[in-house]
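Trainee: Only the shape, not the letters, is given here:
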């Protein structure tokens, strides 16, 4: 599909401002979008050209307008069909997207194709990066400043399935895929019974528990029988997408003992397939007790800069998103921190001088890495892992560098050993009090049952962790952590205002595309709010000067 001729200025006589110049005020967000944001999107035209064959095929709808349409989808929570209608009928959208009044728009499926083009050409962040670069040029998003970071979950566009539902649905999809590539004479003798059992019949949820367990065992045996029958066939049949998924799900849900004894797995590992319609959506849980919630989907790391405090309550804050990183649901926040820094580096930002986080991001290695790179990771350190009662690691005075440690009774260690794991090279130190614990009055609170004396194992960067645990108890640290609080309202804004909580598409790549457009839409909305405030102040000042109420 070729590209149309592109005119960033639009027609002199066909645009809305020439036909109805007084329809939109100077502070109207559609007009501000046309004046400030549209030129930024137009600057991406050269990058968008790589998504098209420029000299062949029917002329496509202007890709810059499609890029703007995707942004407006998340500004105004519009699905594809509604967005296509708004492009055709909404005067504000026509003005913002530089379209003539008589523009008839496009079919809703054009947006589906355009998103796929962006993914195939690795242009998913094109809008977010273009807006972020413009914010840097305006001085609203400094390359190196203060930021805050937190994660939230995204619900996948799939229903939650039981183990039995998942394996039966996976088997159904595999059979339907094989039906398209296998002629009837080449199908196995069990084909008809499998087709009736998994394609034409549905699961009766009112069945007893015994019957459902039998069906689960039968589904595993049938899957194993089908997979073994496929082994000698051609790769085009044996390695189909749904057959590969069946092979994976079977391996996660069943074990094979001996030749043919198939047994359902009782305990699943992390990251198993929850629904074959989106195999990348994973189950995860967060919190405990009444505060615990679990979901099937993904996780996103949200980072924003901390701008200057507004002088007046009516003045909008100047905080802008610096990155949004999509993670698998089971990935930790500790792993999300380096991913966030890498994403910001790709967007042209330096590592933040101060990064405010919660305890899930703070570790000894993270504090050491931040100190090495000349930045500060500000957040409370989690307590040490400890089972039962007694003294924890933070109750000891430890100096790893000098291999010295003092226990709560004031006794210095007698031994210190350096330990290094062969697999990952992780270094730790084990301190021992071999001769001090026998007659110690604190022995009952310190030494566990069955131990001769107290030992303490800490990481090589424990000194930094120990200092942070002390600092976080001070009032000054608590006051400083107030800078992190705004990230909670930002997440609420993304969820309630832009639809971050629920996935519109399936697959991690498409979810990430959605999240990047949500980030671009949020930054644009905040920027337009700042511009509208500045425009209104300028208009009031001009009116006051005209009436002689203010000096020239």
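Mentor: Alright, I've got the coordinates. What you see is a predicted model; the values in this text were computed from it and never measured.
Trainee: any idea of the mean pLDDT in stretch 110-125?
Mentor: For stretch 110-125, the mean per-residue pLDDT is 95.
Trainee: which residues of the stretch 351-500 of the chain fall in helices?
Mentor: Along the stretch 351-500 of the chain, counting by DSSP state H, counting those that start in this stretch, helices occupy 364-372, 443-446, 462-471, 475-480, 486-498.
Trainee: Low-confidence stretches in this protein?
Mentor: 1, 8-15, 17-20, 387-389, 549-552 (pLDDT under 70).
Trainee: what do you get if the cut-off is 50, keeping everything else the same?
Mentor: By pLDDT under 50, the low-scoring segments of the chain are 12-13, 552.
Trainee: hey, which helix is longest across it?
Mentor: helix 508-546 (DSSP state H).
Trainee: Show me what counts as buried in that helix.
Mentor: 508-533, 535 (16 or more other CB atoms under 10 Å). The C-beta positions use only the backbone N, C-alpha and C, and glycine is treated the same way.
Trainee: Next, the angle from it to helix 486-498.
Mentor: Counting by axes from the mean of the first three to the mean of the last three CA atoms, to 10 degrees, helix 508-546 lies at 100 degrees to helix 486-498.
Trainee: Any idea how far helix 508-546 is from the middle of the chain?
Mentor: With CA atoms, centre = their mean, to the nearest Å as the basis, helix 508-546 stands 23 Å off its chain's centre.
Trainee: which other helices and strands contact it?
Mentor: Other elements packing on helix 508-546 under the criterion 3 or more CB pairs under 8 Å, 6 or more residues apart in numbering; DSSP states H and E are helix 29-32, helix 63-75, helix 109-120, helix 126-137, strand 293-305, strand 321-328, helix 486-498.
Trainee: Please produce JSON lines containing those, extended by mean neighbour count and distance to residue 412.
Mentor: Formatted as JSON lines, these follow (neighbours: other CB atoms under 10 Å; distance: least, CB to CB, whole Å):
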{"stretch": "helix 29-32", "mean neighbour count": "21", "distance to residue 412": "67"}
{"stretch": "helix 63-75", "mean neighbour count": "24", "distance to residue 412": "60"}
{"stretch": "helix 109-120", "mean neighbour count": "17", "distance to residue 412": "60"}
{"stretch": "helix 126-137", "mean neighbour count": "20", "distance to residue 412": "53"}
{"stretch": "strand 293-305", "mean neighbour count": "21", "distance to residue 412": "43"}
{"stretch": "strand 321-328", "mean neighbour count": "24", "distance to residue 412": "44"}
{"stretch": "helix 486-498", "mean neighbour count": "17", "distance to residue 412": "43"}
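Trainee: Export these as JSON lines, with columns for distance to residue 243.
Mentor: As requested, those are arranged in JSON lines below (distance: least, CB to CB, whole Å):
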{"stretch": "helix 29-32", "distance to residue 243": "50"}
{"stretch": "helix 63-75", "distance to residue 243": "34"}
{"stretch": "helix 109-120", "distance to residue 243": "24"}
{"stretch": "helix 126-137", "distance to residue 243": "35"}
{"stretch": "strand 293-305", "distance to residue 243": "23"}
{"stretch": "strand 321-328", "distance to residue 243": "24"}
{"stretch": "helix 486-498", "distance to residue 243": "38"}
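Trainee: Of the ones you listed, which is nearest residue 234?
Mentor: helix 109-120 (27.6 Å; CB to CB).
Trainee: tell me the angle the closest one makes with helix 126-137.
Mentor: Angle of helix 109-120 versus helix 126-137, following the same axes, to 10 degrees, is 70 degrees.
Trainee: Not counting its own residues, what contacts helix 109-120?
Mentor: 51-52, 61, 63, 66, 69-70, 73, 80, 83-84, 123-124, 126, 505, 509-510, 513 (CB atoms under 8 Å, 6 or more residues apart in numbering).
Trainee: what's the angle from that helix to helix 63-75?
Mentor: Interaxial angle, helix 109-120 versus helix 63-75 (the same axes, to 10 degrees): 100 degrees.
Trainee: Return the distance of helix 109-120 from the chain's centre.
Mentor: For helix 109-120, the distance to the chain centre is 20 Å (CA atoms, centre = their mean).
Trainee: now stretch 73-80
Mentor: Put simply, stretch 73-80 sits 19 Å off its chain's centre (CA atoms, centre = their mean).
Trainee: State the distance spanning the first to the last residue of it.
Mentor: For stretch 73-80, the first-to-last residue distance is 8 Å (CA to CA, to the nearest Å).
Trainee: about what we covered before: wait, which of the helices of the stretch 351-500 of the chain is closest to residue 38?
Mentor: helix 486-498 (20.1 Å).
Trainee: can you tell me how far residue 474 sits from residue 85?
Mentor: Noted for residue 474: a distance of 57 Å to residue 85, by CB to CB, to the nearest Å.
Trainee: neighbour count winner among these two?
Mentor: Neighbour count, other CB atoms under 10 Å: between residue 474 and residue 85, residue 85 has more, with 14 against 10.
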